[in-house]
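1. Have a look; sequence and predicted model below, questions after that.
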Amino acid sequence: MKPSRRQLFGYAGAAAAGAAVTGGAVVALDQPVPPPPASRLIDPYGDHQPGVAATSPRHAELVAFKLLPGTDKAALARLMRLWSADIVALGNGRPAPGDTAPELATSGVALTTTVGFGPRVFELAGQKAAGPDDLPVMRHDRLQNAWSGGDLLIVVGADDELSVVHAVRRLVADAKPFAVPAWRQTGFWNSTGPDGGAITGRNLFGQVDGTGNPAVGTPEFDATVWSADGGTTLVVRRVELNLDTWDELTRSEQERAVGRKLSTGAPLTGTAEHDELDLDARDPDGRPLIAANAHARLAHHSENDGRRIFRKGLNYVHDTGTTRESGLIFLSYQADITSQFFPLLARLDAADALNEWTTTIGSATFTIPPGLHPGGWIGQKLFS
Ligand code: HEM
């Protein structure tokens, strides 16, 4: 039942007498009120680039660069030294060297910058990239050059959009003599619940997205993500979501497409988000409760010879005049693209129920080199 205006007014009146009204909810002040999310600083140093395992940022920008014709191995090494100094300063909330807007550098916004190398970088360094140059085009793909490929990548994420935009501006400016943007994508994600605690975020279909990931800090995560040198690989796919046709489905049709509940993200065979999927469970008529073409079944490691990936989505909206395109910037980290990611992608392309409402319009793959240590720089091993 909707509260009447008088009741609402009554709640507001009660606020003055010892309760606070927050977004329609009433919180008694004698109960502990959760603090706002603490300001966070993510150490830019470490064996791995810290943005990979960090919680999905509230705001993120990805920029893929095309190397300018004169950029050789030595020039790339110069750019990596510049970027490394920027990344350490900005990550610590300090202006980058030569910062033209130093006041925009903010501390405590969990800013991370992750650098990736495309196949051309390995060519220039005289080495072979760990991953494939490109993924084969899938049957459902409608790839546009505008969102595909790239020689270098930066992924900048933070809890604050202004900090992201500022960091990207610095990194793009420092790259200018060496490389220019080939594409840019901006996304957002909410990993914080109403009480300030961590939650699995939702994509624009409304689905809880990220539950099946290996948990950061577990041996399973390390085995899934890190290659022997402490790096990883990243697949970036821009997936347009057809919200118009998705919205025509009933809720149970939407839930069947993934095999999980919209309310909590729990499997259709369970009650809590992190309950294991019961892929053998059947209804009284003998039909599987999690459909044969349900996304979570087809992608599940138990159905894929134990293959796992680490997914981090970012929602996007892209407005042109009066029209809006909505989608998911799908990011997948894994030690090896060929053996872990590609078989999953091919399987989903062949049979996934979600294909009806999703279209991949951009695709790119990058090698993510290991992390930075004081005195070192990104890609040092590759370019020295
Ligand atoms: C097309 C857009 C996509 C959407 C909207 C989407 C959405 C989802 C959702 C809602 C889940 C269930 C919750 C969860 O475990 O996170 C899920 C699971 C998963 N998805 Fe996707 N996904 C998409 C594309 C992909 C692609 C391209 C891949 C890999 C090639 C993939 C791999 C997985 C995996 C591995 C799981 C976990 C399955 C499990 O272990 O339970 N997804 N996805």
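-> It's in. Nothing here was measured: the structure is a model prediction, and the numbers come from that model.
2. Sketch out the strands for the stretch 51-200 of the chain, chain order is fine.
-> 59-67, 112-117, 152-158, 179-188 (DSSP state E, counting those that start in this stretch).
3. can you list the domain ranges for this structure.
-> 1-33, 59-383 (automatic domain parsing).
4. So which of these is nearest Pro44?
-> Nearest of the domains of the chain to Pro44, taken as Cβ to Cβ: domain 59-383 at 3.4 Å. Every residue, glycine included, has its C-beta placed from N, CA and C.
5. So the closest one, near the ligand or not?
-> Yes. Applying Cβ under 6 Å from any ligand atom, one finds domain 59-383 in contact with the ligand at 203, 205, 207-212, 239, 258, 260, 265, 277, 295-296, 299-301, 309, 311, 328, 330, 341, 344-345, 348, 354, 358.
6. could you say which helix or strand contains the residue of the chain found nearest the ligand?
-> Proximity of the chain to the ligand (Cβ to the nearest ligand atom) peaks at Gly212, 2.7 Å away. According to DSSP states H and E, Gly212 maps onto no helix or strand at all.
7. How about the one 3 residues further on?
-> Assigned by DSSP H and E, Ala215 belongs to neither a helix nor a strand.
8. Spatially nearest residue to it (excluding sequence neighbours)?
-> Of all residues not flanking Ala215 in the chain, Phe221 sits nearest, at 6.1 Å (Cβ to Cβ, 6 or more residues apart in numbering).
9. Same check on Arg169?
-> Ala101 (7.6 Å).
10. Contacts only, for the one you found.
-> 95, 166, 169 (Cβ atoms under 8 Å, 6 or more residues apart in numbering).
11. I'd guessed the first one sits against Val88; true?
-> The reference is to Pro95. No. If you go by Cβ atoms under 8 Å, Pro95 and Val88 don't touch, sitting 11.8 Å apart.
12. my guess is Gly206 contacts Leu262, does it?
-> Yes. Assessed by Cβ under 8 Å, Gly206 is found in contact with Leu262 at 5.6 Å.
13. Show me whatever sits in contact with both of these two.
-> Gln254.
14. what's the first-to-last distance across stretch 184-201?
-> 22 Å (Cα to Cα, to the nearest Å).
15. Show me what counts as buried in it.
-> Under the neighbour-count criterion of 16 or more other Cβ atoms under 10 Å, stretch 184-201 has 185-189, 191-192, 199-201 buried.
16. likewise stretch 234-252?
-> Here stretch 234-252 shows 234-243, 246 as buried, counting by 16+ other Cβ under 10 Å.
17. Just send these back as TSV, with distance to Gly70 and secondary structure too.
-> Shown next, in TSV, are the buried residues of stretch 234-252 (distance: Cβ to Cβ, whole Å; DSSP: H, G, I helix; E, B strand; the rest coil):
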residue	distance to Gly70	secondary structure
Leu234	27	strand
Val235	29	strand
Val236	27	strand
Arg237	31	strand
Arg238	30	strand
Val239	35	strand
Glu240	36	strand
Leu241	40	strand
Asn242	43	coil
Leu243	44	helix
Trp246	47	helix
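18. From those, pick the one nearest Ala54.
-> Once Cβ to Cβ is applied, the member of the buried residues of stretch 234-252 that ends up nearest Ala54 is Leu234, at 13.7 Å.
19. which residues of the stretch 201-350 of the chain fall in helices?
-> With helices called from DSSP state H, counting those that start in this stretch, the stretch 201-350 of the chain shows them at 219-225, 243-246, 251-258, 295-299, 342-351.
20. which residues does Leu68 contact?
-> 177-180.
21. Please apply the same query to Ala296.
-> By Cβ under 8 Å, 6+ apart, the contact set of Ala296 is 212, 258-260, 267, 277, 290.
22. can we see that at 10 Å?
-> Applying Cβ atoms under 10 Å, 6 or more residues apart in numbering to Ala296 gives the contacts 207, 211-212, 257-260, 265, 267-268, 277, 279, 290, 303, 354.
23. Give me the buried subset of the residues you listed.
-> 207, 211-212, 257-260, 265, 267-268, 277, 279, 290, 354.
24. Other residues contacting stretch 160-168?
-> 39, 57-63, 86-87, 89-91, 93, 95-96, 99-113, 154-158, 181, 184, 186, 188.
25. burial measure for Val208, as a count.
-> 19 (other Cβ atoms under 10 Å).
26. hey, what's it bridged with?
-> Arg202 (DSSP bridges).
27. Surely it and Gly265 touch.
-> Yes. Val208 lies in contact with Gly265 (Cβ atoms under 10 Å); the separation is 2.8 Å.
28. Show me the common contact partners of those two, please.
-> 199-200, 202, 258, 273.
29. Greatest separation within those residues: which pair is it?
-> Checking the shared contacts of Val208 and Gly265 with Cβ to Cβ, the most distant pair is Ile199 and Val258, at 17.6 Å.
30. Now the host helix or strand of Ile361: buried residues?
-> Take DSSP H and E as the rule and Ile361 turns out to sit in strand 358-368. With burial defined by 16+ other Cβ under 10 Å, the residues of strand 358-368 counted as buried are 358-368.
31. That strand - what's its average pLDDT?
-> What strand 358-368 shows for mean pLDDT is 98.
32. what residues does the next helix or strand after that strand touch?
-> Using DSSP H and E, the helix or strand that follows strand 358-368 in sequence is helix 380-383. Outside of helix 380-383, the residues within contact range by Cβ under 10 Å, 6+ apart are 73-81, 84, 117, 121-122, 124-127, 229-231, 367, 369-370, 372-373, 377.
33. Pull out the buried residues from the residues you listed.
-> Buried among the contacts of helix 380-383 (16+ other Cβ under 10 Å): 75-77, 79-81, 84, 117, 121-122, 124-125, 231, 367, 369-370, 372, 377.
34. circling back: how about the contacts made by the residue of the chain closest to the ligand?
-> Counting by Cβ under 10 Å, 6+ apart, the residues that Gly212 touches are 200, 260, 265, 267, 274, 276-277, 296, 299-301, 308-309, 311.
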